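Undergrad: here is a sequence together with a model predicted from it:
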Amino acid sequence: MKIRRARTGDIDSLLGLLGQVLEIHAHIRPDIFISGTTKYTEEDLRKIIADDDRPIFVAVDDKDTVMGYAFCMLKKQPFTTTMVPFTSMFIDDLCVDQRFREQRVGMKLFEYVKEKAKELDCYEISLNVWEGNECAQKFYDKMGMKVKETQMEYIL
């Protein structure tokens, strides 16, 4: 397995994986997510792939088949007089294709993102996990992540 930046030739694979993630979220929160859709369009992905502040890393096998991805964003934390300014590597999405789960693909992607974040002098890696996505929560616990803050809702 190799990890590299996504290329435009990966777009179809990325769209398929985005669909897998969406279905997980639509199952957990059908009040928010629309089944059968994806987070990004082909045009969106072309722009993101070209943006160095929004790297997409893909894990590929020896035939260059995309096994999983990590959509990332470099975020400058807002400076106020009460906060220290820093840069965060935000994982917007991490997915391993259903066909390749239980092969440590997610762990290797996460470790790769950690190394890239260190190279870029980031203070942290951050991400969000939807409540009810227990597989993702267990995975990130295993990766050593800790809860930083909790977002709460009251549905009207």
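TA: Received it, and whenever you're ready, just let me know what you need. These numbers come from a predicted model, not from an experiment.

Undergrad: pLDDT score assigned to the nearest residue to Gly132 once chain neighbours are set aside?
TA: The shortest distance from Gly132 to any non-neighbouring residue, by CB to CB, 6 or more residues apart in numbering, is to Ile28 (4.1 Å). Every C-beta, even on glycine, is put in place using the N, C-alpha and C of the backbone. Ile28 carries a pLDDT value of 96.

Undergrad: quick check: Ile28 touching Val129?
TA: No - taking contacts as CB atoms under 8 Å, Ile28 lies outside contact range of Val129: 10.4 Å.

Undergrad: what's the neighbour count on Val66?
TA: Residue neighbour count, defined by other CB atoms under 10 Å, stands at 22 for Val66.

Undergrad: next up, the contacts around the residue nearest to Gly132.
TA: Listed by CB atoms under 8 Å, 6 or more residues apart in numbering, the contact partners of Ile28 are 130-133.

Undergrad: same list, those, but as JSON lines with neighbour count and distance to Met73 please.
TA: Shown next, in JSON lines, are the contacts of Ile28 (neighbours: other CB atoms under 10 Å; distance: CB to CB, whole Å):
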{"residue": "Trp130", "neighbour count": "13", "distance to Met73": "18"}
{"residue": "Glu131", "neighbour count": "12", "distance to Met73": "22"}
{"residue": "Gly132", "neighbour count": "12", "distance to Met73": "24"}
{"residue": "Asn133", "neighbour count": "18", "distance to Met73": "20"}
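
Undergrad: cheers, nothing more for now.
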